[in-house]
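> Whatever this is, show me its structure:
(one chain, ligands or ions: 1)
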Amino acid sequence: MSKKTQVTKIGVLTSGGDAPGMNAAIRAVIRTGNYYGLEMFGVMRGYAGLVEDDIFPMDNRSVANIIQRGGTILKTARCKEFYEYEGRKIAYENLKKRGINGLVVIGGDGSFNGAQKFSNEFDIPCIGLPGTIDKDIAGTDFTIGFDTAVNTAIEAIDKIRDTMDAHDRLFIVEVMGRDAGYIALHSGVGTGAENILIPEAETDMDQLVASLYEKEKRKKLVNLVVVTEGDKYGGASGVAKIVKEKIPQADVRVCILGHIQRGGAPSSLDRFIASRMGYHAVECLLNGTHNVMVGIVNNHMHYTPLNKAIKAKQKISEDWMKIVKVLAS
Ligand code: ADP
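Got it, this is the predicted structure:
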């Protein structure tokens, strides 16, 4: 799109995996757009709503009383048609016939992939807001939903620790994260886990088993292991299987926290960053900063071209891995 074309009508959608705080972001986008006198539209079920023409006007009242709600009022979905040019063309025509000339996509890297293609092919600038509990996107210190997911995991693990301590048991707790260990790292450090297994760092399984064996010999096997679902040993069940094979006498329990980590009222941090990012998404569309993901780095707004937000993955620093080791010793 020519940067000279003034954006006057903006659509907003949530796509891919849901994350707490998406509603706060929707609210901020709609209210900022209305503040500037733009026409604002909601799109149901992510790209599926674009393809199926499920698009409707949104005013300030339509986003009243949602900032504290988990999930997303616009719902989210995965959309096969959007992978194909033909599907994206239908989506474009549905936007065009309403005169919508700007799109805000709240989602993860897959959703940004779609937005990147769409904005390359058609004259609709897109802005991405990082909405993912996994925090697996570069170009931002925060993603919408991560802080809430970590708090949920911490609350659950604290409870597990109570019963674990009472019985001197070994608990292996699985938290979400397909390729990223950030929820495991933060919730593990926050609950004083003895071991944290993440995809970004090599786990010495022999050493882990040896240390558990030592504890078992002292009949004091109270030990909390936090594992990422995407860990190469197959999440908590995979790790438990290995431990039981090597230490059959151990009383090993597995707990998979699962989807509770996606739900619930967003934390104060998630509400705050979602509001800030939503506001800046509209500012970007108005001032010609197009086809970027809005992030926050060192407490400043940071704009990453959508194609870079897609490819880059965050690295977990050596320093963090050392902190985990030292604090658990
Ligand atoms: P997330 O955004 O949470 O990473 P997905 O990877 O499932 O979730 O992507 C969400 C949606 O984005 C997909 O269902 C699809 O409609 C669209 N999408 C993802 N990757 C592409 C792609 N390479 N080309 C076009 N659309 C894509």
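> nearest spatial neighbour of Gly190, skipping sequence neighbours?
Ile154 (4.8 Å; C-beta to C-beta, 6 or more residues apart in numbering). Quick note: C-beta positions are derived from backbone N, CA and C, even for glycine.
> for the record, mean pLDDT for the helix or strand harbouring the one you found?
Element membership of Ile154 [criterion: DSSP states H and E] is helix 146-167. Taken as a whole, helix 146-167 has an average pLDDT of 95.
> can you pull the contacts of the residue in the stretch 201-329 of the chain that the ligand sits nearest to?
When distances are taken as C-beta to the nearest ligand atom, the stretch 201-329 of the chain reaches nearest to the ligand at Ile310, 8.6 Å away. Applying C-beta atoms under 8 Å, 6 or more residues apart in numbering to Ile310 gives the contacts Asp109, Phe112, Asn113, Gln116.
> Nearest to Arg78 among those residues?
Nearest to Arg78 out of the contacts of Ile310 is Asn113 (C-beta to C-beta; 12.2 Å).
> Can you pull the phi and psi angles for that closest one?
Dihedral angles of Asn113 (phi, psi; degrees, to the nearest 10) stand at phi -60, psi -50.
> And for it, nearest residue in space, chain neighbours not counted?
Ile310 (5.3 Å).
> what pLDDT does the residue nearest the centre of the chain get?
Centroid check for the chain by C-alpha atoms, centre = their mean gives Thr132 as the closest residue, at 1.4 Å. If you check Thr132, the pLDDT there is 95.
> ok, now Gly192?
pLDDT at Gly192 comes out at 93.
> In three-state terms, label it for me.
Put simply, Gly192 is coil when judged by DSSP: H, G, I helix; E, B strand; the rest coil.
> Test my guess that it contacts Ser329.
No - counting by C-beta atoms under 8 Å, Gly192 sits too far from Ser329 to count as a contact (11.8 Å).
> Could you check which of these two is surrounded by more residues?
Remark: of Gly192 and Ser329, Gly192 carries more neighbours, 12 against 6, as counted by other C-beta atoms under 10 Å.
> near the ligand, which residues of the stretch 51-200 of the chain show up?
78-79, 82-83, 107-111, 113-114, 117, 132 (C-beta under 6 Å from any ligand atom).
> Buried ones among those residues?
Buried positions within those, assessed by neighbour count (16 or more other C-beta atoms under 10 Å), are Cys79, Phe82, Gly107, Gly108, Asp109, Ser111, Asn113, Gly114, Lys117, Thr132.
> got the contact list for the fourth one?
Going by C-beta under 8 Å, 6+ apart, Gly108 touches Ser15, Gly16, Gly17, Pro130, Gly131, Thr132, Asp134, Asp136, Ile137.
> and what of the first one?
Cys79 sits next to Ser15, Arg45, Gly46, Tyr47, Ala48, Leu50, Val51, Gly87 when contact means C-beta under 8 Å, 6+ apart.
> can you do 10 Å?
Contact partners of Cys79, counting by C-beta atoms under 10 Å, 6 or more residues apart in numbering, are 15-16, 45-52, 87-88, 91, 111, 114.
> Could you find the lowest-pLDDT member of these?
Among these, Gly16 has the lowest pLDDT, at 92.
> What distance separates the opening and closing residues of stretch 216-227?
Length of stretch 216-227, first residue to last, C-alpha to C-alpha, to the nearest Å: 20 Å.
> Mind listing what's buried along it?
Glu216, Leu221, Asn223, Leu224, Val225, Val226, Val227.
> Stretch 184-198 too?
Buried, per 16+ other C-beta under 10 Å, within stretch 184-198: 184-189, 191, 193-198.
> Restricted to helices, list these.
Secondary structure from DSSP state H places Ala184, Leu185, His186, Ser187, Gly188, Val189 of the buried residues of stretch 184-198 in helices.
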